[in-house]
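> pasting the structure only:
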């Protein structure tokens, strides 16, 4: 699979852009067409940092052998969290990612959409820096006319942008390093890591789990499918050899964007027939999450009552998030694509080397099934987090909506205002408050600010500010001593002459 995006020939480079464009988008006139190369853009960004004094002087007293913050994951969430911390002068940090460099996150692996679902105009992980936005990066290379004609951001181009983001923000990242365990004490957390040099332990005062959509679990596989021969099915999260499905009949289970993306990939790989089977009576059409895309909910979700937070998440889950318009067209333009609603699977048997599906819409014979059934919070799929699972306060311990006792949401962690885990039994594992869930599992407590492009900057700033305040409070005695010992004079004594008395 390619891991970079090349602009189509129709996209003109920035050198061909007009130098004095006047436009009015309802906000203000724009006469600056911006940098014409990445080098110019990076110079502007460097000046932004200089003007704003980012990062400020380091202020956290060092602790021998311990990081101030260890970040597990160097995808979009990890990179944004790292830069948010550096903006506040917290620089003794390190990121660890199990993927090779350039392969962090889903963009070059199991994400199979042609374009992102988010509008291209969102600032994303820019943290308030205009010259760090995707738009600035794009226009510096291809010009404003190309930006105006761009409908949505191609997935692999977003990956290229994140590579650039990592380069210009320059966080300390170790790739090929996996977390294998967490433990803690009164003063910090110990990470057990496995990398190119084998097993090792790293001490940190704080840990951020920026480990993605499956950060506290993994792919959701309905129990029924676990009994079916694995040769005949894959989860959409897995590596799938789509080339091997050429000339085959494929069924994709699901109604969301992931189902459409995998169906489209199978069709483009030459599948003879692709069925998209949806249990719902109708295809979801309205993305309710977009109806709540405003600063109020981004900034205030974690201040809602438990009932309100559950209500919001449950409503969006029940109504379902539809596939984007262009993604559905990607499938329906193929005559060998078929979509069936109201189609549940009652059973599956292997006959003559093929899989026979018994569905509520009749019998179907297929060669392979792709489960686009999403992810789940499932602590058993994350043995490295066993100590968290044993001690963490969950939503089921605080609130469950009436009639929703079996909901997956009950397994989500009930986080504090700084995304920190909380103890189920206070006093048994106080170090849990030093671990912060900046992954999808935070959605119940904080809303969509840990992995979705619209709210990622707000979430990272909330996280960084919370960690900064705790580090200061923990080190108060040392800061107090530093204040008392500060002796740099503002006045030297030769700026005035004292009078002898009143004239």
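Yes, it's here. Since the structure is predicted, the reported quantities are computational estimates derived from the model, not experimental observations.

> Can you give me the pLDDT of residue 8?
Confidence at residue 8, expressed as pLDDT, is 41.

> oh, I was asking about residue 223
89.

> helix, strand or coil for residue 349?
strand (DSSP: H, G, I helix; E, B strand; the rest coil).

> what's the burial count for it?
Residues near residue 349, counting by other Cβ atoms under 10 Å, number 11. In this view, the C-beta of every residue, glycine as well, is placed from N, C-alpha and C.

> List the contacts of residue 377.
Contacts here follow Cβ atoms under 8 Å, 6 or more residues apart in numbering; on that basis residue 377 touches 216-217, 408, 411-412, 441.

> can you rerun that using 10 Å?
Listed by Cβ atoms under 10 Å, 6 or more residues apart in numbering, the contact partners of residue 377 are 214-218, 220, 394-395, 408-413, 439-441, 443-444.

> Mind checking which of those land in helices?
Those of those mapping onto helices are 395, 443-444, per DSSP state H.

> Out of those residues, flag the one nearest to residue 35.
Of all these, residue 35 sits closest to residue 443, with 36.0 Å by Cβ to Cβ.

> what's near enough to touch that closest one?
301, 309, 312-313, 316, 377, 409, 412, 437, 449-452.

> Okay, buried residues for stretch 336-346 please.
337-339, 343, 345 (16 or more other Cβ atoms under 10 Å).

> quick check: mean pLDDT across that stretch?
96.

> which of the ones in helices among the contacts of residue 377 lies closest to residue 267?
residue 443 (31.5 Å).

> if we can go back for a sec, can you lay out the ones in helices among the contacts of residue 377 as CSV showing distance to residue 47?
Formatted as CSV, the ones in helices among the contacts of residue 377 follow (distance: Cβ to Cβ, whole Å):
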residue, distance to residue 47
395, 45
443, 37
444, 41
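
> how about a markdown table for those, with pLDDT and distance to residue 488 added?
Putting these into a markdown table (pLDDT from 0 to 100; distance: Cβ to Cβ, whole Å) gives the following:
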| residue | pLDDT | distance to residue 488 |
| --- | --- | --- |
| 395 | 98 | 50 |
| 443 | 96 | 47 |
| 444 | 97 | 48 |
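
> ok, which stretches of the stretch 1-150 of the chain are helices?
Under the criterion DSSP state H, counting those that start in this stretch, the stretch 1-150 of the chain contains helices at 38-52, 76-87, 134-142, 144-149.

> The stretch 251-400 of the chain now?
Using DSSP H, counting those that start in this stretch, helices in the stretch 251-400 of the chain cover 257-268, 295-300, 306-319, 325-332, 386-391, 395-398.

> So which elements touch the third one?
Of the remaining helices and strands, those touching helix 306-319 by 3 or more Cβ pairs under 10 Å, 6 or more residues apart in numbering; DSSP states H and E are helix 395-398, helix 443-446.

> helices or strands up against the helix or strand just after the last one?
Proceeding N to C from helix 443-446, the next assigned helix or strand is helix 456-474, under DSSP states H and E. Using 3+ Cβ pairs under 10 Å, 6+ apart as the contact definition, the elements that helix 456-474 packs against are strand 66-72, helix 76-87, strand 198-209, helix 295-300, strand 435-437, helix 443-446, helix 476-485.

> run the last query once more with 8 Å
Here helix 456-474 touches helix 76-87, strand 198-209, helix 295-300, strand 435-437, going by 3 or more Cβ pairs under 8 Å, 6 or more residues apart in numbering; DSSP states H and E.

> now those as TSV including distance to residue 128, mean neighbour count and mean pLDDT?
What follows is the helices and strands packed on helix 456-474, written out as TSV (distance: least, Cβ to Cβ, whole Å; neighbours: other Cβ atoms under 10 Å; pLDDT from 0 to 100):
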stretch	distance to residue 128	mean neighbour count	mean pLDDT
helix 76-87	9	27	98
strand 198-209	20	19	97
helix 295-300	13	14	91
strand 435-437	21	26	98
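
> Can you give me the end-to-end span of stretch 438-458?
12 Å (Cα to Cα, to the nearest Å).

> just how off-centre is it within its chain?
How far stretch 438-458 lies from its chain's middle: 7 Å, per Cα atoms, centre = their mean, to the nearest Å.

> Pull out the buried residues from stretch 212-223.
Buried residues in stretch 212-223 (16+ other Cβ under 10 Å): 212-221.

> Would you mind pulling the contact partners of that stretch?
Looking at what lies outside stretch 212-223 - Cβ under 8 Å, 6+ apart - the contacts are 73, 75, 77, 105-106, 209, 235-238, 371, 373-379, 381-382, 385, 412-413, 437, 439-441, 451.

> now with 6 Å?
209, 235, 237, 373-378, 381, 439-441 (Cβ atoms under 6 Å, 6 or more residues apart in numbering).

> Between all of these, which two are separated the most?
Among these, 209 and 373 lie farthest apart (Cβ to Cβ), at 23.1 Å.
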